[in-house]
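Trainee: Here is my input, please return the structure:
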Amino acid sequence: MEKWVNDWYSRYWKLKKAVQSCDDFNEKLFEELATECGALLDTWMEMEDKLEDIKEIKSTHQIGSQTYHGAVQWIPRSLEGPKYFDLEIFDKAIETLKVEIEKEMKNEAVLYLYLGFSYLYEGELDKAKETFLYVLKTSLNKVEKHFSYVGLGCLFGRRHHYEEAINYFEKANSLYSNTDVPYNIGMAFVMMKKYELALPYLLKIIEANEDDGEAQYFLGHCYLQMGDESKAFEAWYSALQVLEFKDLLVTLAYEFELYGYYTAAIHCYKRLQAIGFDETWVHHGIAWNYGLLDQKSTAIDLFEKLVIAHPKDTNIWISYIWLLSKWDQKDQLRKIVLKLKMNNIRHPLIEKILS
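Mentor: Have a look, this model is predicted:
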């Protein structure tokens, strides 16, 4: 489902950009997107009806339904604490859960887990630890213990006590298996710079979901730190195709640029454009890397457009002037100096480049 959504948005941004650029309108692509949207709406409505059937049966028969293979009971919908938690209003969740725990002894352990994670996200780590340990001592339920160990692993990870975090994550993994726990273990090893130990966990995540761009990125980071540049860039190219996170794509662009893979860096910035970050710094990154590729005419054309659109952006001027000086473009530099004076742009780096 996630892959289909990403594909739909990718085609949507392509069509939108074409329309904004006054290119020919792709009627076929528009109809294709509209048809898929309608089909999804029909499916969604059918799924909603089926869920309503389940809710009706549940309320009629008062089923003590359970999740995680029969391990955790349903939480009554009347409880407000879990709702505040889902809305990420953690301070209100804490206040409400304390009251509801006293009244809901049957659901006490699960509510304590909500309380523990609320404390964790609010940064009240000592209270979170106390709550998770209480569930471990009082619950016989494997999944409740699993999430208590996960909570403790996250807690010690936040404190940068990674060995203790790994210990708790491994205990969680022994009780109940999901992809989040191996990822957390792998990341703890990355933070400890034990890249060889992180590898099997990251590979396991990618085996389960090859479209996990984050895991692909950190897998590449591990390979690079281990000296295997070929596998590192192979993983990073895979990450580039699927990453949706701005910060990781920017980091990946910087990594490619650092190691001289300027074309790959340009692809990172174009990927950012495709997912909606069509901003000045993205265009700057594209222009800069075309410059580093010595594609002079393309870079100059892009920088000229940038300085016209953003005449007060000092960083753009610095990049442009540095490239022109590197290419010994004296005539173009003289024109740029005049523009700098007109826009009253001054900066120590500009003066150093021009000196």
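Trainee: For A239, give me its contacts.
Mentor: A239 makes contact with G213, E214, Q216, Y217, G220, L248, L252, according to Cβ atoms under 8 Å, 6 or more residues apart in numbering. (Each C-beta comes from the backbone N, C-alpha and C, glycine too.)
Trainee: ok, so of those residues, who is nearest N178?
Mentor: Nearest to N178 among the contacts of A239 is E214, at 15.6 Å by Cβ to Cβ.
Trainee: buried ones in whichever strand or helix holds the closest one?
Mentor: Counting by DSSP states H and E, the element that carries E214 is helix 213-225. Neighbour counts over helix 213-225 (16 or more other Cβ atoms under 10 Å) mark G213, E214, A215, Q216, Y217, F218, L219, G220, H221, C222, Y223, L224 as buried.
Trainee: Can I get those residues in a markdown table including pLDDT?
Mentor: As requested, these are exported to a markdown table (pLDDT from 0 to 100):
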| residue | pLDDT |
| --- | --- |
| G213 | 90 |
| E214 | 91 |
| A215 | 92 |
| Q216 | 92 |
| Y217 | 92 |
| F218 | 93 |
| L219 | 95 |
| G220 | 93 |
| H221 | 92 |
| C222 | 95 |
| Y223 | 95 |
| L224 | 92 |
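Trainee: With distance to G151 added, can I get these in a markdown table?
Mentor: Formatted as a markdown table, the buried residues of helix 213-225 follow (distance: Cβ to Cβ, whole Å):
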| residue | distance to G151 |
| --- | --- |
| G213 | 26 |
| E214 | 21 |
| A215 | 22 |
| Q216 | 27 |
| Y217 | 26 |
| F218 | 22 |
| L219 | 26 |
| G220 | 30 |
| H221 | 27 |
| C222 | 26 |
| Y223 | 31 |
| L224 | 32 |
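Trainee: Name the nearest of those residues relative to A188.
Mentor: F218 (11.5 Å).
Trainee: tell me the contacts of the closest one?
Mentor: G186, M187, V190, A198, L202 are the contacts of F218 under Cβ under 8 Å, 6+ apart.
Trainee: Then L197?
Mentor: By Cβ under 8 Å, 6+ apart, the contact set of L197 is F189.
Trainee: and it, what element?
Mentor: Applying DSSP H and E, one finds L197 within helix 195-208.
Trainee: Buried residues, that helix. List them.
Mentor: For helix 195-208, using 16+ other Cβ under 10 Å, the buried residues are Y195, L197, A198, L199, Y201, L202, L203, I205, I206.
Trainee: so how far is Q241 from the third one?
Mentor: With distances defined as Cβ to Cβ, to the nearest Å, the gap from A198 to Q241 amounts to 22 Å.
Trainee: Over to G186?
Mentor: Following Cβ to Cβ, the distance that separates G186 from Q241 is 21 Å.
Trainee: Give the residue from these two that has the larger number of neighbours.
Mentor: The neighbour count for G186 versus Q241, taken as other Cβ atoms under 10 Å, is higher for G186 (26 against 12).
Trainee: I'd like the buried residues of helix 195-208 laid out as JSON lines, including pLDDT and distance to N315.
Mentor: Formatted as JSON lines, those follow (pLDDT from 0 to 100; distance: Cβ to Cβ, whole Å):
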{"residue": "Y195", "pLDDT": "96", "distance to N315": "33"}
{"residue": "L197", "pLDDT": "97", "distance to N315": "39"}
{"residue": "A198", "pLDDT": "96", "distance to N315": "35"}
{"residue": "L199", "pLDDT": "95", "distance to N315": "37"}
{"residue": "Y201", "pLDDT": "94", "distance to N315": "38"}
{"residue": "L202", "pLDDT": "95", "distance to N315": "34"}
{"residue": "L203", "pLDDT": "94", "distance to N315": "39"}
{"residue": "I205", "pLDDT": "92", "distance to N315": "37"}
{"residue": "I206", "pLDDT": "93", "distance to N315": "36"}
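Trainee: Using a markdown table, lay out the residues you listed together with distance to F256.
Mentor: Output for the buried residues of helix 195-208, formatted as a markdown table (distance: Cβ to Cβ, whole Å):
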| residue | distance to F256 |
| --- | --- |
| Y195 | 19 |
| L197 | 26 |
| A198 | 21 |
| L199 | 21 |
| Y201 | 25 |
| L202 | 20 |
| L203 | 22 |
| I205 | 23 |
| I206 | 20 |
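Trainee: Now for these: which two are most distant?
Mentor: L197 and I206 (16.2 Å).
Trainee: Tell me the buried residues in the helix or strand containing E102?
Mentor: If you go by DSSP H and E, E102 is part of helix 90-103. Buried positions in helix 90-103, judged by neighbour count with 16+ other Cβ under 10 Å: F90, K92, A93, I94, T96, L97, E100, I101.
Trainee: Give me the contact list for that helix.
Mentor: Residues contacting helix 90-103 (Cβ under 8 Å, 6+ apart): 79-82, 84-85, 108, 111-112, 114-115, 118-119, 121-122.
Trainee: quick one, phi psi at N141?
Mentor: Per-residue torsions, N141: phi -80, psi 120 (degrees, to the nearest 10).
Trainee: how near is it to S230?
Mentor: 47 Å.
Trainee: Those two: who's more crowded?
Mentor: N141 (18 against 8).
Trainee: Please consider this matter closed, and thank you.
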